[in-house]
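Visitor: Quick one: sequence and predicted model below, then my questions.
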Amino acid sequence: MLCNYAEIMNAERPDLVNFTQPIESQSSTHPIASVENLGNVYDLLQQLLKTSEGMVSNVQFKRDIISKLKLPEHLAAQCVKVLQFLDDAEAEQRVGRKGAKTYYHARSFLSKERYSDALLQTDNEAEQKGQEAQNEREPEQPEKESRQNRQEEARLGVYVKAAMERIYDSENVSKDTPHVFDVHQERPGSSFENVDLIAIDWRSATTVDLVSIEVKLDFSAIAVHQACSYMRFSHRVWVACVVTSEANNAALELRTTDPGLFDYVLSRGIGILACRRTQGRGYVVFPIHWPQWQNPEPVEKELFIERYRATFEQAGVVEKQRRSAKY
């Protein structure tokens with residue numbers, strides 16, 4: 001039975017969520033965190049990492065900021081976000097501390113050593129996904145992909161998934177509930193309905209955005225065409241592709257590769273994730289264009305959720321269906 005989203009929107013049921021109402025930004029009503037605030041928060045983080053075996057969850061960190069530094073909740077949340085996405089080139093100036101650097105992974109701040117271990121674990125997971133893709137049966141797709149390409153795309157998906165977990169990290173979802181899923185092997189629909197990754201953006205405790213991601217090695221018309229088709233049932237859509245440039249030149253690289261296609265992606269409101277190869281076989285993934293919010297057709301949205309129902313149940317977006325017993 002499909003969900004009635006009008007009933008969900010109006011009902012007082014914390015176990016179900018609202019997919020329809022956009023939330024206006026509150027950033028204009030709150031001041032930006034000062035260098036002094038961020039410096040004090042950064043110092044607190046270093047202390048906590050030393051006393052907690054090199055790992056502090058973002059939720060606990062925010063609580064400690066409020067209780068120990070006496071900052072208001074909105075300012076504490078802002079400081080946590082700044083440190084999550086702290087750019088190495090601007091870290092010292094932003095935080096006011098020499099050699100400032102943060103390491104963030106899977107909803108937690110880590111020490112440098114724990115972060116290195118986390119990256120190694122990601123690399124191992126990527127290799128495993130690549131091996132699984134190599135052993136897959138040849139897919140029935142309109143486009144022809146080599147087995148080697150599918151293997152590398154599967155590996156790349158692991159790094160894109162980690163980036164999505166960071167981008168859509170939220171205090172509104174419990175620590176034990178996953179919010180990003182690699183579903184490229186499931187193929188429950190037609191060629192242009194099978195997304196590679198699904199992310200759940202918990203914008204509040206009861207409101208989510210459904211996010212779809214297409215992963216391709218090349219910035220190609222096929223990748224963009226598939227991403228465009230996902231807009232029928234997703235609030236936001238990303239296309240992830242490989243680049244050779246650093247973050248400051250990646251957008252220029254893709255536009256130079258195909259100016260018309262790049263401008264078309266921007267005009268359609270699709271987000272772009274650039275994936276740069278690192279030493280070894282890893283990737284650094286970073287956004288170079290953010291997706292616009294879309295209002296998909298309710299029926300298409302419901303069908304999307306039904307195609308991947310087990311995933312959305314695991315994410316806590318919809319209730320688990322009860323099995324009817326036969327007597």
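Guide: It's in. Numbering: from 1, shown residues only.

Visitor: Y264: what's it in contact with?
Guide: Y264 makes contacts with V224, as judged by CB atoms under 8 Å, 6 or more residues apart in numbering. C-betas here are computed from N, CA, C, even on glycine.

Visitor: which other residues reach stretch 88-108?
Guide: Taking contacts as CB under 8 Å, 6+ apart, the residues outside stretch 88-108 that touch it are 35-36, 38-39, 42-43, 45, 55-59, 82-87, 109-112, 114-115, 118-119, 162, 165-166, 169, 175.

Visitor: And for stretch 249-258?
Guide: 219, 241, 243-245, 262-263, 272, 274, 276, 286, 288-289.

Visitor: on that earlier part again, quick one: which of the contacts of stretch 88-108 sit in strands?
Guide: The strands, defined by DSSP state E, take in 55-57, 109-110 from the contacts of stretch 88-108.

Visitor: which of those residues has the most neighbours?
Guide: Each of the ones in strands among the contacts of stretch 88-108 was scored by neighbours using other CB atoms under 10 Å; the highest score is F109's, at 25 neighbours.

Visitor: Verify the stated contact: that residue with L49.
Guide: Yes: with contact defined as CB atoms under 8 Å, F109 reaches L49; the gap is 6.8 Å.

Visitor: Now list whatever residues contact both of the two.
Guide: 55-56.

Visitor: S108 bridge partners, please.
Guide: For S108, the beta-bridge partners under DSSP bridges are S57, H105.

Visitor: burial measure for it, as a count.
Guide: Residues near S108, counting by other CB under 10 Å, number 21.

Visitor: hey, where'd the helices end up in this protein?
Guide: 5-10, 35-51, 58-69, 73-84, 91-95, 112-134, 147-167, 221-230, 247-257, 259-268, 298-307, 309-314 (DSSP state H).

Visitor: Among the ones in strands among the contacts of stretch 88-108, which pair sits farthest apart?
Guide: S57 and L110 (10.4 Å; CB to CB).

Visitor: which residues do these two both contact?
Guide: When contacts are counted by CB under 8 Å, 6+ apart, the set common to S57 and L110 is empty.

Visitor: Just give me the neighbour total for E253.
Guide: 17.

Visitor: Over to G260?
Guide: 9.

Visitor: picking that back up, greatest separation within the contacts of stretch 249-258: which pair is it?
Guide: Greatest spatial distance in those: D263 and R276, 22.1 Å, computed using CB to CB.

Visitor: Settle it for me: which of these two has more neighbours?
Guide: Ranked by neighbour count (other CB under 10 Å), D263 and R276 place R276 first, with 17 against 11.

Visitor: Pull the contacting residues for the closest residue in space to the more buried one that isn't next to it in sequence.
Guide: Closest residue to R276 apart from its sequence neighbours, by CB to CB, 6 or more residues apart in numbering: V284 at 5.0 Å. With contact set as CB under 8 Å, 6+ apart, V284 has these partners: 159, 275-276, 278.

Visitor: filter the residues you listed to the buried ones?
Guide: With burial judged by 16 or more other CB atoms under 10 Å, the buried subset of the contacts of V284 is 159, 275-276.

Visitor: could these be laid out in JSON lines, adding distance to H105 and pLDDT?
Guide: Output for the buried ones among the contacts of V284, formatted as JSON lines (distance: CB to CB, whole Å; pLDDT from 0 to 100):
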{"residue": "Y159", "distance to H105": "12", "pLDDT": "94"}
{"residue": "C275", "distance to H105": "17", "pLDDT": "95"}
{"residue": "R276", "distance to H105": "18", "pLDDT": "94"}
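
Visitor: S191 is nearest to which of the helices of the chain?
Guide: Per CB to CB, nearest to S191 of the helices of the chain: helix 221-230, 7.8 Å.

Visitor: what sits up against the closest one?
Guide: Taking CB under 8 Å, 6+ apart as the rule, helix 221-230 contacts 143, 191-193, 195, 212, 214, 216, 237-239, 241, 261, 264-265, 268, 270.

Visitor: and the protein, what are its domains?
Guide: For the chain, the structural domains run 31-110, 115-314, going by automatic domain parsing.

Visitor: what would the ones you listed look like in TSV with distance to Q321?
Guide: Formatted as TSV, the domains of the chain follow (distance: least, CB to CB, whole Å):
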stretch	distance to Q321
domain 31-110	28
domain 115-314	7
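
Visitor: Number of residues surrounding D201?
Guide: For D201, using other CB under 10 Å, the count is 21.

Visitor: State the distance from it to R236.
Guide: Using CB to CB, to the nearest Å, one gets 7 Å for the distance from D201 to R236.

Visitor: okay, and the common contacts of these two?
Guide: 209-211.

Visitor: which of those lies closest to E300?
Guide: L210 (10.6 Å).

Visitor: Now for the closest one: which residues touch it?
Guide: Going by CB under 8 Å, 6+ apart, L210 touches 19, 198, 200-201, 233-236, 296, 301, 304-305.

Visitor: Kindly state the beta-bridge partners for I198.
Guide: F181, S212.

Visitor: Run a quick neighbour tally on it.
Guide: Using other CB under 10 Å, the number of residues around I198 comes to 26.
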